[in-house]
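Undergrad: Sequence plus predicted model, see below.
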Amino acid sequence: MSAGSFVVQRIGRAATVEDLAPLAFAGYAHFTAMQVRGGQVRGLDLHLERLRSASVALFGQALSDDRVRSHLRAALAAGPADLSMTATVYSPAGEFTVAGADVELQLLVRTGAAASGPQGPLTLATVEHERVLPALKHVGEVAKTYFLREAVRQGFDDAAFVDRRGRLSEASIWNLAFWDGAAVVWPEAEMLGGTTMGIVRRQLDRLGIHQRSQAVTPADLPALAGAVVMNSWTPGVAVHRIGPARLPEAPAFLDLLHRAYQAEPLTAP
């Protein structure tokens, strides 16, 4: 099935209404999202690992990497060389059931227009919230959209989450990263480890850039020299306010993150 520049495939073929109807009411699935450039992807190994580990956690089994790559290639063949792609793994048994190993997992692949994220700088409202199963990129998270809408209603661009211990963890659909003037600071809390975050971290290591993980609270923000959000769209969008705390523009930090991301080689599925 396609609509404009969008393509939706299930097991390597165009998805039908019958394929998609059960998913319209399902909330037990997980996914990974990526940007494709020239038919290739950065951090493909991280996307495959994400799908494997989340499938085992949610379903007790996983699709083989070869099968996933085959379905990704089929979707890419149906679209332009540059696009956004989301791969969702689900069980035909649906939610509110306990499916056995005999129920084969399915992969739904959706493509759309290539994206690069907002220009920024952004302002983030702080919200006390902890995602369920934070290490998994799963569907059905109404809270993220709700808090995004509430943040915009209050005059912010998006929302950043603070856990019960007062630590900043992540934003609605973003990872957070900070700069202390000499090192990249990753917030220490329960969160989703983003694929772009993984790419940037390993490339910063290769570039010899110091980075560390530590608990970051809203009270720590005035002492920091910069902040960004990142996700599959982009390795960095500047953030100049989180709650009442203003953060300085840090163009060198932003440039560093983008250089690290660009250093990651593109790979064909």
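TA: Everything's here; your move.
Undergrad: got the domain boundaries for the protein?
TA: The chain breaks down by automatic domain parsing into domains covering 2-112, 122-267.
Undergrad: How far off centre is the longest one?
TA: Mean C-alpha position of domain 122-267 versus that of the full chain (CA atoms, centre = their mean, to the nearest Å) differs by 11 Å.
Undergrad: and if you look at the first one?
TA: Between the centre of domain 2-112 and the centre of its chain there are 15 Å (CA atoms, centre = their mean).
Undergrad: burial measure for residue 149, as a count.
TA: By the measure other CB atoms under 10 Å, the count of residues near residue 149 is 12. (C-beta placed from N, C-alpha, C; glycine too.)
Undergrad: Quick check on it: phi, psi?
TA: phi -60, psi -40 (degrees, to the nearest 10).
Undergrad: Kindly provide the distance from it to residue 30.
TA: 23 Å (CB to CB, to the nearest Å).
Undergrad: again with residue 98
TA: From residue 98 to residue 30 the distance is 17 Å (CB to CB).
Undergrad: of these two, who's got more company?
TA: Set residue 98 next to residue 30 and count neighbours by other CB under 10 Å: residue 30 wins out with 21 against 6.
Undergrad: in what helix or strand does the more buried one lie?
TA: strand 29-37 (DSSP states H and E).
Undergrad: quick check: mean pLDDT across the next helix-or-strand element following that strand?
TA: Proceeding N to C from strand 29-37, the next assigned helix or strand is strand 40-42, under DSSP H and E. For strand 40-42, the mean pLDDT works out to 98.
Undergrad: next one: stretch 156-170
TA: On average, stretch 156-170 scores 98.
Undergrad: And stretch 60-78, by the same measure?
TA: Here the average pLDDT along stretch 60-78 is 95.
Undergrad: Show me which residues of that stretch are buried.
TA: For stretch 60-78, the neighbour count (16 or more other CB atoms under 10 Å) marks 61, 62, 63, 65, 68, 69, 71, 72, 74, 75, 76, 78 as buried.
Undergrad: Same list, these, but as TSV with distance to residue 16 and secondary structure please.
TA: Formatted as TSV, the buried residues of stretch 60-78 follow (distance: CB to CB, whole Å; DSSP: H, G, I helix; E, B strand; the rest coil):
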residue	distance to residue 16	secondary structure
61	25	coil
62	25	coil
63	20	coil
65	26	helix
68	21	helix
69	23	helix
71	16	helix
72	20	helix
74	15	helix
75	15	helix
76	20	helix
78	15	coil
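Undergrad: Between all of the residues you listed, which two are separated the most?
TA: 61 and 78 (27.4 Å; CB to CB).
Undergrad: tell me which residues in the helix ranked longest in the chain are buried?
TA: Across the chain, the helix with the greatest residue count (assigned by DSSP state H) is helix 44-59. Using 16+ other CB under 10 Å as the test for burial, helix 44-59 gives 44, 46, 47, 48, 50, 51, 52, 54, 55, 58, 59.
Undergrad: One more: stretch 218-229?
TA: 218, 220, 221, 224, 225, 226, 227, 228, 229.
Undergrad: Stretch 249-267 too?
TA: 250, 253, 254, 256, 257, 258, 260, 261, 264.
Undergrad: That's all I had, so thanks and see you.
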